[in-house]
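S.K.: structure of the sequence below:
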Amino acid sequence: MARQVLALEARLRACRNVLTIGVHPNFCDYGEQERHLIRSADKIYYPTAFYAELFDTLGKATFPSYHTYKCVQDKIKQSALFQLAGLPHPRTRVFFGKRQRARIRDYFSLPLIAKEPRGSAMGRGVFLIRNDAELDAYTHDRHVVYIQEFLPMDRDIRAVVIGGRVVHAYWRIASAGEFRTNVARGGRVSLDPVPQAALDLALETATVCRWDDVGLDICCHDGQYTLLEANMKYGREGFRAAGIDYFALMEQLIDNGEI
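M.R.: Purely as a prediction, here's the structure:
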C-alpha cells in the first residue's frame, strides 16, 4: 500500500501519495486537524525555508533537507561552501559597500559576470558586464555585489540530484547572441549523453553539501568540469524533453522511501 506524506508547499500537489495543506505564515492559522498532522508527521515535504528552520530546531525531518534550504537560494553561501569544500567553482568574490566595490577591477578583468546574490532563478539577475561604464551602472545602488569570472561557453549541464542520486541530466544550449543557457532565456535542451565526470561532480557536490533536492549547473572549462551554481527551484523542461513524468518519479521515490 502506498504511503501518503504531508507537504506544505504545492510542488508535489499532483502526486497521488502527497497531502498538500498549504503554507500559512502564522502557524495558528492552520486548523486543529492540520496542526495535528504537522506535529505528528515524521517528515514534512517542501515546508518552505521558514518552516524548515523551525522543524530542524525541533528535530523534525524535512524534504528537502534544512541544509538544502539554507544554501541553494543564496549564491554567497553557495560560493563560500564550494570554496570551503574544495569543489571546482569559477573565481568569485563578494564586495560590500562603496570602498570594497571600488576594488572590483583589482581582482577581475573584463568581461565579468555579476549576479543578484539571493533569490534569483531562470537566468534573472545574471549580467554580463563588458566595460567599466556597465560595471559602474551595475554597482551604483547596490550595497552587496557578487562578482564571478566570465567563462565563455555556449552550453552547460543541468544535473538534478534527488534523494542521493542523479535522476536526470541534460545539456542546455544558449540561443544565438545570448550568454545565458537558461531555457527561460531561449536556451534549448539537448539530450546528448552527459559525461560521467560531470555526473560524478554533481553527486559529490550534493553529498558534501548535504543537499537532497537540487539542480546543479555545471560547465566544462579548460578540460575541467566546474560548478556554476545550485538551484532548488529548478525547471522541469528537461524532464519533459526526455519524456520523464516528474510527478510519477517523485511518487516512486516516496513509495520506495528514497526521499
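S.K.: contacts and neighbour counts: CA atoms only from here.
M.R.: OK.
S.K.: which helix is the longest one in this structure?
M.R.: helix 196-209 (DSSP state H).
S.K.: mind listing what's buried along it?
M.R.: 198-199, 201-203, 205-206, 209 (16 or more other CA atoms under 10 Å).
S.K.: next helix or strand past it?
M.R.: strand 213-221 (DSSP states H and E).
S.K.: ok now the longest helix of the chain, how far from the chain's centre?
M.R.: Remark: helix 196-209 is offset 14 Å from the chain centroid, using CA atoms, centre = their mean, to the nearest Å.
S.K.: list the buried ones in stretch 49-67?
M.R.: Buried residues in stretch 49-67 (16+ other CA under 10 Å): 49, 51-53, 55, 60-67.
S.K.: quick check: mean pLDDT of it?
M.R.: Across stretch 49-67, pLDDT averages out at 96.
S.K.: one step back: neighbouring contacts of the longest helix of the chain?
M.R.: 67-68, 81, 85, 87, 157, 159-161, 164-166, 169, 212, 214, 216, 218, 225 (CA atoms under 8 Å, 6 or more residues apart in numbering).
S.K.: and the helix or strand hosting H67, how far out from the chain middle?
M.R.: Following DSSP H and E, one finds H67 within helix 66-71. Its chain's average C-alpha position is 10 Å from that of helix 66-71, according to CA atoms, centre = their mean.
S.K.: buried ones only from the contacts of helix 196-209, please, as a ChimeraX command.
M.R.: The ChimeraX command for the buried members of the contacts of helix 196-209 (criterion: 16+ other CA under 10 Å) is given here:
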select :67,68,81,87,157,159,160,161,164,165,166,169,212,214,216,218,225
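S.K.: just the helices in the stretch 101-250 of the chain please.
M.R.: 104-107, 132-139, 196-209, 237-241, 246-255 (DSSP state H, counting those that start in this stretch).
S.K.: the ones you listed: which one's closest to I76?
M.R.: I76 lies closest, by CA to CA, to one member of the helices of the stretch 101-250 of the chain: helix 196-209, at 14.2 Å.
S.K.: tell me what angle that closest one forms with strand 213-221.
M.R.: With axes from the mean of the first three to the mean of the last three CA atoms, to 10 degrees defining the directions, helix 196-209 sits at 130 degrees from strand 213-221.
S.K.: average pLDDT across helix 196-209?
M.R.: Helix 196-209 comes out at a mean pLDDT of 98.
S.K.: hey, which helix or strand in the protein has the poorest pLDDT?
M.R.: Scoring the helices and strands of the chain by mean pLDDT, DSSP states H and E places helix 97-101 at the bottom, with a mean of 86.
S.K.: check which residues of stretch 136-152 are buried.
M.R.: Within stretch 136-152, the residues scored as buried using 16+ other CA under 10 Å are 139, 144-151.
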